[in-house]
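1. quick one: sequence and predicted model below, then my questions.
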Amino acid sequence: MAIADNLKKVRDQLPAGVQLIVVTKTHEPATIMEAYHAGQRLFGENKVQELQAKQGLLPPDIQWHMVGHLQSNKVKYIAPFISLIHSVDSLKLLRVIDREATKNQRVIPCLLQLHIADETTKFGMSFAECCRLLESEAFQNMAHVEIMGVMGMATFTDDQEQVRREFRELREHCRALKQKYFASRDSFREISMGMSDDYRIGVEEGSTMVRIGTAIFGERE
């Protein structure tokens, strides 16, 4: 019952319009099915190999999100089924996603990952790099990707004010990109920010998607 209870607890804290992506990293299909039976359909994975394996074993109505760093040579494995890629951090990667989506005769929804943390180990583009990507001729010619918004990861710190500042920065970047490049596109509206430790702050600062694993499944062994 613990997983169902944890799910309910998290859901009860999320305002209408905020989507919960349950991150299944390292968890077995049987464990994931507990969340599924509790009504959860949006799941996220960090690694392509795990994502591909689980997608083949679990119910077909699950919407899978790629929330971890994605290498361009792995895109082909998830292109046929992925619902949303949160972690587009370069034009090179987006080119490959567009190419693989074309092969699969579908449009793949994506988020642009921005670097907002005070940590060099985290992936993501600067705001200027995002603008260059969106203004590039290569992007203008892509017909099989759709940019739905932005994603970011805050610094892993106990300083909640720092986390809040970083999330606020991501929200401002999203607003600026919307104004400059997507003013007429209603679909550009997602802000994926907030994980088990900081999702409450993320929601307060305008997150529309939270990526939560530990708060639902418990600490990984």
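-> Looks like it came in fine. These numbers come from a predicted model, not from an experiment.
2. now the strands for the protein?
-> Assigned by DSSP state E, the strands in the chain fall at 19-23, 42-45, 63-66, 84-88, 108-114, 145-152, 190-192, 209-212.
3. how about the ones you listed in a markdown table, adding distance to residue 94, mean neighbour count and mean pLDDT?
-> C-beta here means a position set from N, CA and C on the backbone, and glycine is covered the same way. Converted to a markdown table, those look like this (distance: least, CB to CB, whole Å; neighbours: other CB atoms under 10 Å; pLDDT from 0 to 100):
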| stretch | distance to residue 94 | mean neighbour count | mean pLDDT |
| --- | --- | --- | --- |
| strand 19-23 | 21 | 22 | 98 |
| strand 42-45 | 19 | 23 | 98 |
| strand 63-66 | 13 | 22 | 98 |
| strand 84-88 | 5 | 24 | 98 |
| strand 108-114 | 7 | 25 | 98 |
| strand 145-152 | 6 | 24 | 98 |
| strand 190-192 | 16 | 24 | 98 |
| strand 209-212 | 19 | 24 | 98 |
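4. center of the protein - which residue?
-> residue 86 (3.2 Å; CA atoms, centre = their mean).
5. hmm, that residue is touching residue 195, no?
-> No: using CB atoms under 8 Å, residue 86 is not in contact with residue 195; the gap is 11.6 Å.
6. between those two, which contacts overlap?
-> residue 211 (CB atoms under 8 Å, 6 or more residues apart in numbering).
7. ranges for the helices of the chain?
-> 2-13, 29-37, 48-57, 75-78, 91-103, 127-135, 137-140, 160-181, 199-204, 214-217 (DSSP state H).
8. of the ones you listed, which stretch is the most buried?
-> Mean neighbour count, computed with mean count of other CB atoms under 10 Å, is highest for helix 214-217 among the helices of the chain, reaching a mean of 20.
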